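When you get a sec, could you give me coordinates for this:
(2 chains)
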Amino acid sequence: MKRTAALLLLALALAPIPAGASAPSPTTAVHEAEAAQAPLSLLWDAEPLQATRLRTGAGVLAFLAVFAVLLYILQRRAWAKRS
Amino acid sequence: MPAAPRVPFKNPVVEWVDVRLPLFSLWRDRYAMMPVPRNLNGWWVSGALALFTLAVMIVSGVFLAMHYTPTTAQAFASVERTMREVNWGWLLRAVHMNGASLFFAIVYAHILRSVYYGSYKRPRELLWLLGVVLFLLMMATAFMGSVLPWSQTGYWSATVVANLFRAIPFVGEPLVTWLIGGPEVGEATLRRFFALHYLLPFAMIGVAFLHVAAQHVAGANNPLGIDPKSPQDTVPFHPRYTSRDLFGLAVFVLVFAAIVFFAPAAFVAPASDIPADPMTTPDVIVPAWYFLPFFAMLRSVGDLVVPFTAIVLIPAQLGGVLALFGALLTLLLLPWLDRSPVRSAVFRPLYKKLFWLLVLDLALLGYVGAQEPEGLCRLLGRLATAYYFLHFLIFLPLLPRIEKPQPLPSSIAEAVRE
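Numbers count the residues shown, from 1 in each chain, chains lettered A, B, ... in the order given. Prediction:
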């Protein structure tokens, strides 16, 4: 739930200002800069270690993929031998 | 087994140990050199994977328990703290939570393989019974584990299950009080669930040991379901099947890691991120996916009344409990319900069709279990529940009378050569 809400807010923050909208006044610019920080804060609040999770996961999967290929070759060799 | 003359080991240290405690002989004779049918297919990796997953669950669980507080006031917060403050706590929890789902997936594959290839038949009946006991222990452990984070989902599923047992006549109420340690699910329930959730996996290790020991006495079944007759029918377990198990393990761990790191909340129930609140009932209480077929059976039974009267013989709640326990009891009886001498479905044309119908039936029950029990879903649930019992109690015992099995090959080696 929290993550969905955070992603929704992120999408809203990144959405372009519709054409025809008046140029933002300095005050709104400040507000928007602050608002842009809000979703990041929510993301962090939902899962502080998300970046670590994704980075570690990529490494683990890369290692396992190579390892699985090696074990497949090993298995093929074990079965290739004459009984 | 007749004692073969002992072959000494070359390595003096190995030999010294082995004379005093024959661990190396055990490995050599019961694993490395053990003759195994040469035609096992990929489904035979599932047993090794289940054992591996049990080990992963115990190791991750022991470390989670170091940071867990089994009190209603602190359980939820201690789990949140594990997720955020404990080093790699989020990983431990992701492994343990998703490990439960993968454990059930592997065990369901293992059970269905045994059902398809007739592995429960003579002489492997006891092996099958021990397997069903493992499955029951596993369900109890998983259920109690899901209560421990003391979230809305856990608290209310415990309450729902406790109320089930109340339906049992006469002993229901005192039984429930005894099981949950009071009139309602609460402090005592959480503490005993924690103690039992920690204990039962070790009981599973004991039963798994007997399960594997019985498997080594009977030897592995195989896709043809015929016994090996000559050395040509078998190969030594090592290196062929050890290497295949390792490759299967690597693929399994790859899938496991993909879920743990990139979809850790894939199997999480909706209200599990809300602390338990006895004053607020959630809109829907749906159990984990692996309980859904049984949950569907539980809710599919209506009041059993005397025809043309309003006298209720068996109230719906009790009927549901009977259906649930009946479904599990039926599994225990399977070796004696299926009397066909042919093991493998490969040579049983009708049984093969019935097997896939049963799989379809279980899938349908799983789907119905996740829906509201009304309208078409209620009807489908009742039909699917009835079909489950029809399959095991009527079709299987009658099948040998009408089915003409195909001729069995004379040996495994001959069938492999073709």
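
Now do the helices in the stretch 51-200 of chain B.
With DSSP state H, counting those that start in this stretch applied, the stretch 51-200 of chain B shows helices at B:75-84, B:89-116, B:125-147, B:152-166, B:172-180, B:187-218, listed in chain order.

How many residues are close by residue 54?
Just so you know, I chose chain A. For A:L54, the count of nearby residues is 11 (other Cβ atoms under 10 Å in any protein chain shown). Backbone N, C-alpha and C define where each C-beta goes, glycine included.

my bad, the chain I had in mind was chain B
Neighbour count for B:L54, taken as other Cβ under 10 Å: 20.

Give me the pLDDT for it.
On pLDDT, B:L54 comes in at 98.

Closest residue of chain A to chain B?
A:G57 (2.5 Å; Cβ to the nearest Cβ).

in the lengthiest helix in chain A, what's buried?
If you go by DSSP state H, chain A has its longest helix at helix A:50-80. For helix A:50-80, burial by neighbour count (16 or more other Cβ atoms under 10 Å in any protein chain shown) applies to A:53, A:56-57, A:60, A:64, A:68, A:71-72, A:74-75, A:78.

Now do that helix: distance to the chain's middle.
Taking Cα atoms, centre = their mean, to the nearest Å, one finds helix A:50-80 lying 22 Å from the centre of the chain it belongs to.

what pLDDT, on average, does it get?
Per-residue scores along helix A:50-80 average to 96.

Just to check, B:V305 is in contact with B:P315?
No. B:V305 sits out of contact with B:P315 when judged by Cβ atoms under 8 Å, with a separation of 9.7 Å.

Which of those two has more residues huddled nearby?
The neighbour comparison of B:V305 against B:P315 (other Cβ under 10 Å) goes to B:P315, with 16 against 13.

On the pLDDT front, check the residue lying closest to that one once chain neighbours are set aside for me.
Computed as Cβ to Cβ, 6 or more residues apart in numbering or on different chains, the closest residue to B:P315 that is not its neighbour in sequence is B:D303, at 5.8 Å. pLDDT, B:D303: 79.

Likewise for B:P287?
pLDDT recorded at B:P287 is 90.

Same check on B:L380?
The confidence metric pLDDT takes the value 94 at B:L380.

what's it in contact with, if anything?
Contacts for B:L380 (Cβ atoms under 8 Å, 6 or more residues apart in numbering or on different chains) come out as B:364, B:368.

Quick check: it vs chain A, distance?
30 Å (Cβ to the nearest Cβ, to the nearest Å).

what's the answer for B:E374, then?
According to Cβ to the nearest Cβ, B:E374 stands 26 Å off from chain A.

For burial, what's the neighbour tally of that residue?
Neighbour tally, B:E374, other Cβ under 10 Å: 8.

In chain B, where is pLDDT below threshold?
Flagging of chain B using pLDDT under 70 yields the residue ranges B:1-4.

what's near enough to touch the closest residue to chain A within it?
Taking Cβ to the nearest Cβ, chain A has its nearest neighbour within chain B at B:F261, 2.5 Å off. For B:F261, the contact set (Cβ under 8 Å, 6+ apart) comprises A:53-54, A:56-58, A:60-61, B:94.

Which member of those is positioned nearest B:V253?
Using Cβ to Cβ, A:V60 is the member of the contacts of B:F261 that lies nearest B:V253, at 9.1 Å.

which residue packs closest to the closest one, ignoring adjacent ones?
Counting by Cβ to Cβ, 6+ apart, B:A257 is the residue found nearest to A:V60 once chain neighbours are left out, at 5.0 Å.

Which residues are in contact with B:P236?
Listed by Cβ under 8 Å, 6+ apart, the contact set of B:P236 reads B:32-36.

The same query, at a cut-off of 6 Å, please.
Counting by Cβ atoms under 6 Å, 6 or more residues apart in numbering or on different chains, B:P236 touches B:M33.

Likewise for the one 4 residues further on?
Contacts here follow Cβ under 6 Å, 6+ apart; on that basis B:R240 touches A:78-79.

I'd assumed B:Y68 was in contact with B:R191.
No. Look at B:R191 against B:Y68 with Cβ atoms under 6 Å: they stay out of range, at 11.6 Å.

which one of the two has more residues nearby?
The residue with more neighbours, out of B:R191 and B:Y68, is B:Y68; 18 against 15, by other Cβ under 10 Å.

any idea how far A:T52 is from the nearest residue to that one once chain neighbours are set aside?
Once flanking residues are discounted, B:Y68 sits nearest to B:S78: 5.3 Å by Cβ to Cβ, 6+ apart. According to Cβ to Cβ, to the nearest Å, B:S78 and A:T52 sit 21 Å apart.

repeat for B:F76
From B:F76 to A:T52 the distance is 23 Å (Cβ to Cβ).
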